[in-house]
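Trainee: I'd like to go over a predicted model; first the sequence, then the structure.
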Amino acid sequence: MNRVLQILQKIESLQSNRDKYFASGLFPTYRFHLYLPGVQADNSIFSTASTVFVLQNLVPYFTEGEKSIALSICKKAIARYEDYRNKDGLKTYNFWKTDGSPHFPNGWLLSRLKSVRIPDDVDDTALIYMTKPSPKEDVLWLQKKLKMHANLASRQIQNTFPEYMQLKAYSTFFGKNMYIEFDACVLCNLLLLFYRNGIKLDEYGQASVEYLSDIIRTNKHLDVPFYTAASYPQTSVILYHYARLLGEFAVEGLSQLKEKIISDLKAESKRAKPMLQLLAQTALMKLKEPINNPIELPLDYDFGNFYYYHAGMLTAIETPLARQLARHQFVHLKYRCEAHHWALVLEHEVLRQNQ
């Protein structure tokens with residue numbers, strides 16, 4: 001049996017058929033802390049939508065049998081999206097279910113604190129729009145909606161570098177009273193949605209490109225990744241998101257930095273941990289750069305404490321002290337989704353075979 005099919009079947013086996021914590025179609029996700037004991041089941045949608053995103057992008061490379069498995073997996077997962085749609089019926093989506101279920105599910109404290117409940121977010125919304133067929137009119141509606149929550153629309157960002165405080169870039173969250181946040185990976189996902197739908201960038205989109213470009217030019221993704229992408233604070237993961245965007249589209253103001261991104265990725269592919277090294281290599285292949293010594297993880301690989309994204313518990317507090325403390329691992333909750341991790345391995349394998 002070929003390796004691609006084996007990994008695809010592994011992902012299929014990890015999809016929930018409905019149990020105590022996870023509805024049918026979801027990929028089980030767990031929260032953990034690097035220094036404290038305990039793991040909590042978390043029925044959020046992000047890892048499921050992210051897994052579907054990767055699989056759908058690989059469909060053109062699959063054999064008919066592999067394609068059938070992948071599309072079946074995606075269909076079951078997409079059926080769960082409606083559970084996360086805006087509670088008032090708007091076309092935005094939340095990280096957690098919007099039927100009144102607790103946020104931070106299975107958390108003995110956080111699930112009881114209303115102050116840590118988050119509104120709908122741009123990241124999950126963009127991923128769901130890209131993986132579930134959405135008419136262009138819906139994407140145009142979303143673009144207008146985003147303006148209402150962008151920086152300087154009604155509030156000004158506080159948790160960023162001084163040079164970005166006047167940028168009219170898009171924020172990570174919706175919500176009338178939510179703080180403003182810039183996250184490079186979220187912006188890459190959003191811009192990819194716009195480009196895939198032929199949406200012309202407005203001043204907010206152009207400001208978002210300006211943010212993404214300056215991050216690379218000034219090496220903030222290397223020196224201070226947490227303050228660059230608070231939900232994805234690892235350099236390889238950040239650059240992987242840039243490569244997903246630039247591997248598909250020429251973005252005026254950003255594509256000029258492709259050679260620097262490639263150089264940074266080559267450095268990351270040599271010094272990072274196995275999964276981060278794998279992501280750096282995948283990003284290089286997306287940018288049409290050949291890989292000479294591809295990493296190959298065994299099919300019984302233990303992902304250990306690898307995480308793709310996390311929750312920073314102090315990012316919402318807009319004070320200088322909180323900003324300093326927010327980057328420390330002790331105030332972070334990591335997320336683990338084995339199916340999504342294997343989807344990333346599968347992506348690397350498929351691109352390597354076809355590079």
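Mentor: Perfect, I can see it now. Since we're looking at a predicted model, the values are computed, not measured.
Trainee: only C-alpha atoms for contact and neighbour calcs from this point on.
Mentor: OK.
Trainee: can you tell me how far P133 is from R196?
Mentor: The span separating P133 from R196 equals 12 Å under the rule Cα to Cα, to the nearest Å.
Trainee: neighbour-wise, which of these two wins?
Mentor: A count of neighbours by other Cα atoms under 10 Å puts R196 above the other of P133 and R196, at 14 against 8.
Trainee: report how many residues lie close to the nearest residue to Y129 once chain neighbours are set aside.
Mentor: Taking Cα to Cα, 6 or more residues apart in numbering, and ignoring the residues beside it in sequence, Y129 has L193 as its nearest neighbour in space, at 7.5 Å. Number of residues near L193 (other Cα under 10 Å) recorded here: 21.
Trainee: isn't L193 up against T125?
Mentor: No: judged on Cα atoms under 8 Å, L193 makes no contact with T125 at a distance of 9.9 Å.
Trainee: does the closest residue to R271 other than its chain neighbours sit in a helix, a strand or a coil?
Mentor: Setting aside the residues directly before and after it, R271 is nearest to Q277 in space (Cα to Cα, 6+ apart), at 7.3 Å. With DSSP: H, G, I helix; E, B strand; the rest coil as the basis, Q277 sits in helix.
Trainee: coming back round to it: so the residue nearest to Y129 versus T282, what's the distance?
Mentor: Taken as Cα to Cα, the spacing of L193 relative to T282 amounts to 20 Å.
Trainee: same thing with N43?
Mentor: Counting by Cα to Cα, the gap between N43 and T282 amounts to 28 Å.
Trainee: compare the two (neighbour count), which wins?
Mentor: When N43 and T282 are compared for neighbours, T282 comes out ahead with 29 against 23, by other Cα under 10 Å.
Trainee: just the buried residues of stretch 145-156, please?
Mentor: 146-152, 156 (16 or more other Cα atoms under 10 Å).
Trainee: just name the shakiest helix or strand of the protein by mean pLDDT.
Mentor: Comparing helices and strands within the chain by mean pLDDT, DSSP states H and E singles out helix 320-325 as the least confident, with a mean of 76.
Trainee: which residues touch the very next helix or strand once past that one?
Mentor: Stepping forward along the backbone from helix 320-325, the first helix or strand reached (DSSP states H and E) is strand 332-336. When contacts are defined by Cα atoms under 8 Å, 6 or more residues apart in numbering, strand 332-336 is touched by residues 29-34, 305-313.
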